[in-house]
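J.: requesting a structural model of the entry that follows:
(chains A and B)
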Protein chains: 2
Amino acid sequence: DPETICPDSFKICANPAIKVPQTPRICILILVIIRYLNFIQSISGEIMKKNAFYAQSGGVTSVINATAAALILEAKKYKSKIGKVYAGRNGILGALKEELIDTSKESITAIKSLKARPGGAFGSCRLKLKDLEENKREYERLVEVFKAHNIGYFFYNGGNDSADTAYKVSQISKTLDYPIKCIAIPKTVDNDLAITDCCPGFGSAAKYIATSTMEASLDVESMSETSTKVFILEVMGRNAGWMAASSALAKNSSTDAPHIILLPEVTFNQQKFISKVKNIVKTKGYCVIVASEGVKNSKGNFLAESDRKDAFGHTQLGGVAPYLSSLINTKLKLKNHWAVSDYLQRSARHIASKTDLLHAEAVGIHAVRYAVKGMNGVMPVIVRGKGEKYTWSIEPAPLSKIANVEKKLPKSFISKDGFNVNAKAIKYLQPLILGEAYPKFLNGIPKLEKLKLIEVKKKLPKWKI
Amino acid sequence: DPETICPDSFKICANPAIKVPQTPRICILILVIIRYLNFIQSISGEIMKKNAFYAQSGGVTSVINATAAALILEAKKYKSKIGKVYAGRNGILGALKEELIDTSKESITAIKSLKARPGGAFGSCRLKLKDLEENKREYERLVEVFKAHNIGYFFYNGGNDSADTAYKVSQISKTLDYPIKCIAIPKTVDNDLAITDCCPGFGSAAKYIATSTMEASLDVESMSETSTKVFILEVMGRNAGWMAASSALAKNSSTDAPHIILLPEVTFNQQKFISKVKNIVKTKGYCVIVASEGVKNSKGNFLAESDRKDAFGHTQLGGVAPYLSSLINTKLKLKNHWAVSDYLQRSARHIASKTDLLHAEAVGIHAVRYAVKGMNGVMPVIVRGKGEKYTWSIEPAPLSKIANVEKKLPKSFISKDGFNVNAKAIKYLQPLILGEAYPKFLNGIPKLEKLKLIEVKKKLPKWKI
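T.: A predicted model of the protein is given here:
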């Protein structure tokens, strides 16, 4: 009976009140069959088509939302394969709690505006999934949510820990027999991911640090005759000194600051440090120090250790700068000032690197392309070209080689005395901060579009952590 | 004898080897006399013409060099009255030590590039001249240096203390019988000068603080579900809360942070503070606090002067932010992060306010105009127009009314509970951060022109402080 299978718009064909002559009747029947086949095809297309889940994870950056924007816009190009892109509210927590933000409800203007928005637009979280054997319940919940919302693509935008979570989810296909294409997308100001040449988010933090170091150095230099002799800037970097190293890019025709860079890779030697500060102040008149939050003493303890720990169990740091200030007060009695840039350095979208922004967008775009090609358990990584001129491309790399691996500043980048980085480091770092990508401003501050952040209707019972 | 008085180019007239007929001889004689009179006139013009001394004083700003550039370029327009502009190396110290940088040796490109250079290009200092009665020697030395270098204009670019020094120098004319036109030029991120509607340097620091607060707030907000709940940003402002107040401009369509602003004008009440933080975290999920370095307790002591001790048992200096962090850890056990912007906020030329930059240039230009008009002991101040739309103009104000007067944040700008500023404050602050004025970039950081900083040859014996 055509009435049961015919699409609404063709109901007319089954209306017995309309009398149609014999030959046209056959034509109409053929037409109906063709329409019916199209309908079946579109239905099966809808079934084939899967929704995507995108989540931001760990410490956010000033360009993580640019990745989100690029991914959401790229996904729209694959309408036959990708349905909606759902963003997890507060990262993976959004998947567990079935709090899925429907990005299709946002205007294209709002999505594009994400390119200029720091922080995590959909919320991020610090939650590392345990091994499948240890906490099967969490993985089963993920699969339940994925099934309930027809999610076939999992995009996880984060760092080391997140690559690990993404790797575990990528294995669900086998272990829990649920088909999922899982792509981790690199993001971290720490720049400590393996394989990729650099990490989106780092270049902008590096540009902020280099610019701030240069600006503050000019300030200190101009006052040093009668006022502050030593300036200390504390930057992030728990285990890897990439961010502190980037301050070396502040050197220019007018200033050779920073004079000392303290890296987590180099054990802090108090005596040598004090002697170096003294010597620099004597010869230059002032001394600028950039210190990584993760500087450790010979016992392997953080100089600024506190007993606070974050959700990952990492010791929460802060306060190398006041520690060093105190040391300089005591040992050298030199007037000093200190700054701690903390979140400012990783959210400073107003001084983002154009190169970094392009990287962030590219990894979002390639994540989608890999997923629709059917790839699973990979990360789009940035590959540096071989030539003298900086070039880069994106290639897929297996998560198994990235998860939980931490790339520290290589020894070959560090100066002999351990208090600075060398030309090799500069050559690596320089291209990553090139180019400016200013946001639009409104009322004197960067303009933000209001997001709707509308959640999809829940289909499952509430989940308890 | 024309040979002795005739300018070089007319030496030929006195050459007896050249025989000239009678009538032309008279013509030549008349010509020589006219030339001679012109020569005398130009000599006397050179005597009338005085050099100018310009010095930067106290804490520098991101736009103080824009004032210098505007002043130097404006002075070139009054060639009949102003000779060279000498900049004091390290402010007034440069005058006392006869270290005078000849700005005419710098290229016009280099002078123009000062508009984009933070810090004090010629060096600044913290040195407040005592009263004439107390330290006549210093004033006599100034007059000696001024005489030796034919200086008739004294431009002093600074804050409260500098206005006081400038006022004292302006009185030299009478007391030491040396003619000097003394103009103080406003500059201070503290925004605490009397009479002027605002101070050049403040608008840019305010824009930096508002932008940074907004950016960091988005960061904290996005992580607050599982990570940091409270973020504290410490800003400058020992006695006046203008800078902390400017963070209120961070509020926009997307975030209502900062939730708490701690001002030096309001006595810190620990109990109320803790209760407010707790309440905000409960209702909003996170809390952003901007604290002025000069917040005081009920005993009138700076919170940052508290006896926190470091690992060595040394009392740690500074740090309202770590103090508050510690308090929140103890009383509320809420994960928190803190940043101290210190010199970064006053040197952040990369995020300067266009309005502020225009103010900085205008006061430099008007200082020159006032001086050539013969004014003495005045400051070009910024006057706000009466209308709804922000307009401003520059007018002269007497230094006697500005020296040593400190303009604090008025009570009428502070919210009832003392933890924020109100709409009246926003209305005042808003126009001062409007517009962007990006520097040029080179190799990913703001481009700096190399300055020659060539000193004029010393004519006097060395001076000892």
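
J.: check the spatially most central residue of chain A and give its pLDDT.
T.: The centre of chain A sits closest to residue A:187, judged by CA atoms, centre = their mean, with a distance of 2.7 Å. pLDDT recorded at residue A:187 is 97.

J.: got the residue ranges for the helices in the stretch 251-400 of chain A?
T.: All helices of the stretch 251-400 of chain A, identified by DSSP state H, counting those that start in this stretch, fall at A:270-284, A:320-332, A:342-347, A:354-372.

J.: and the residue of the stretch 151-300 of chain A found nearest chain B, what element?
T.: Per CB to the nearest CB, residue A:218 is where the stretch 151-300 of chain A lies closest to chain B, at 3.1 Å. Every residue, glycine included, has its C-beta placed from N, CA and C. Secondary structure assignment for residue A:218, by DSSP states H and E: helix A:202-223.

J.: buried residues in stretch A:285-298?
T.: A:286-296 (16 or more other CB atoms under 10 Å in any protein chain shown).

J.: before we move on, the earlier item: would whichever helix or strand comes after the helix holding residue A:218 count as contacting chain B?
T.: Next in sequence after helix A:202-223, counting helices and strands by DSSP H and E, comes strand A:230-235. Yes - if you take CB under 8 Å from any CB of the partner chain as the test, strand A:230-235 does meet chain B, through A:231, A:233.

J.: each with direction, which strands does strand A:230-235 pair with?
T.: Strand A:230-235 has the following strand partners under DSSP bridges: strand A:287-292 (parallel), strand A:336-340 (parallel).

J.: neighbours around residue A:372, how many?
T.: Here the count is done by other CB atoms under 10 Å in any protein chain shown, and residue A:372 has 19 residues near it.

J.: mind checking how far it is from residue A:103?
T.: Using CB to CB, to the nearest Å, one obtains 17 Å as the distance from residue A:372 to residue A:103.

J.: residue A:176 and residue A:138 touch, don't they?
T.: No - contact criterion CB atoms under 8 Å: residue A:176 and residue A:138 do not qualify, at 11.3 Å.

J.: quick one, which of those two is more surrounded?
T.: Counted by other CB under 10 Å, residue A:176 and residue A:138 do not tie: residue A:138 has more neighbours, with 20 against 16.

J.: ok, the closest residue to residue A:116 other than its chain neighbours - how many residues close by?
T.: Distance criterion CB to CB, 6 or more residues apart in numbering or on different chains; nearest residue to residue A:116, sequence neighbours excluded, is residue A:439 at 3.6 Å. Using other CB under 10 Å, residue A:439 has 21 other residues around it.

J.: kindly reformat the strands paired with strand A:230-235 as a markdown table containing mean pLDDT.
T.: What follows is the strands paired with strand A:230-235, written out as a markdown table (pLDDT from 0 to 100):
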| stretch | mean pLDDT |
| --- | --- |
| strand A:287-292 | 98 |
| strand A:336-340 | 95 |
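
J.: just the pLDDT for residue A:308.
T.: 46.

J.: same check, this time on the one 3 residues further on
T.: We have a pLDDT of 49 for residue A:311.

J.: also the one 4 residues further on?
T.: pLDDT for residue A:315: 50.

J.: ok, of the helices of the stretch 251-400 of chain A, where does mean pLDDT dip lowest?
T.: helix A:320-332 (a mean of 91).

J.: what residues does the strand or helix carrying residue A:174 touch?
T.: Element membership for residue A:174 (DSSP H and E) is helix A:172-175. The contact list for helix A:172-175, computed with CB atoms under 8 Å, 6 or more residues apart in numbering or on different chains, reads A:132, A:139, A:142-143, A:178-180, A:182, A:376.

J.: the same query, at a cut-off of 6 Å, please.
T.: Outside helix A:172-175, the residues within contact range by CB atoms under 6 Å, 6 or more residues apart in numbering or on different chains are A:132, A:178-180.

J.: most neighbours among those residues, please name it.
T.: residue A:180 (22 neighbours).

J.: show me what contacts that one?
T.: Each residue near residue A:180 by CB under 6 Å, 6+ apart is listed here: A:154, A:172-173.

J.: possible to save those residues as TSV with pLDDT and neighbour count?
T.: As requested, the contacts of residue A:180 are exported to TSV (pLDDT from 0 to 100; neighbours: other CB atoms under 10 Å in any protein chain shown):
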residue	pLDDT	neighbour count
A:154	97	26
A:172	81	21
A:173	72	15
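
J.: want to try TSV for the residues you listed, with distance to residue B:389 as columns?
T.: Listed next are these as TSV, based on distance: CB to CB, whole Å:
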residue	distance to residue B:389
A:154	52
A:172	60
A:173	62
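
J.: near chain B, which residues of the stretch 351-465 of chain A?
T.: Residues of the stretch 351-465 of chain A lying close to chain B (CB under 6 Å from any CB of the partner chain) are A:351, A:433-434, A:436, A:441, A:444-445, A:448, A:450.

J.: what about the residue nearest to residue A:207 when sequence neighbours are not counted, how many residues close to it?
T.: Spatially, and ignoring its direct neighbours in sequence, residue A:207 is nearest to residue A:433 (3.9 Å; CB to CB, 6+ apart). Other residues near residue A:433 come to 29 when the count uses other CB under 10 Å.

J.: on that earlier part again, and the contacts of helix A:172-175, which two are furthest apart?
T.: Spanning the widest gap among these are A:132 and A:179, at 16.7 Å by CB to CB.

J.: residue A:340 is in contact with residue A:232, correct?
T.: No - assessed by CB atoms under 6 Å, residue A:232 is found out of contact with residue A:340, at 9.0 Å.

J.: between those two, tell me which one has more neighbours.
T.: Ranked by neighbour count (other CB under 10 Å), residue A:232 and residue A:340 place residue A:340 first, with 32 against 28.

J.: residues touching that one, list them.
T.: By CB under 6 Å, 6+ apart, the contact set of residue A:340 is A:234, A:321, B:339-340.

J.: please apply the same query to residue A:455.
T.: By CB under 6 Å, 6+ apart, the residues touching residue A:455 are A:99, A:101.

J.: before we move on, what about residue A:149?
T.: By CB under 6 Å, 6+ apart, the residues touching residue A:149 are residue A:51.

J.: for it, give its distance to chain B.
T.: Computed as CB to the nearest CB, to the nearest Å, the residue A:149 to chain B distance reads 20 Å.

J.: is residue A:340 in a bridge, and if so with what?
T.: Bridge pairing for residue A:340 - DSSP bridges - gives residue A:234, residue B:340.

J.: any idea how far it is from residue A:257?
T.: In this view, residue A:340 and residue A:257 are 18 Å apart by CB to CB.

J.: residue A:327 too?
T.: In this view, residue A:327 and residue A:257 are 19 Å apart by CB to CB.

J.: more neighbours: which of those two?
T.: Legend: neighbour count by other CB under 10 Å for residue A:327 and residue A:257, higher for residue A:257 (27 against 21).

J.: wait, the more buried one sits on residue A:289?
T.: No - between residue A:257 and residue A:289 no contact is recorded; they are 9.1 Å apart, counting by CB under 6 Å.

J.: tally of neighbours for residue A:207?
T.: Neighbours of residue A:207 using other CB under 10 Å come to 31.

J.: so who does it touch?
T.: A:351, A:353, A:433, B:444.

J.: can we see that at 7 Å?
T.: Contacts for residue A:207 (CB atoms under 7 Å, 6 or more residues apart in numbering or on different chains) come out as A:351-353, A:433, B:444.

J.: of those, which is the nearest to residue B:213?
T.: Distances from residue B:213 to the contacts of residue A:207, taken by CB to CB, are shortest for residue A:351, at 15.2 Å.
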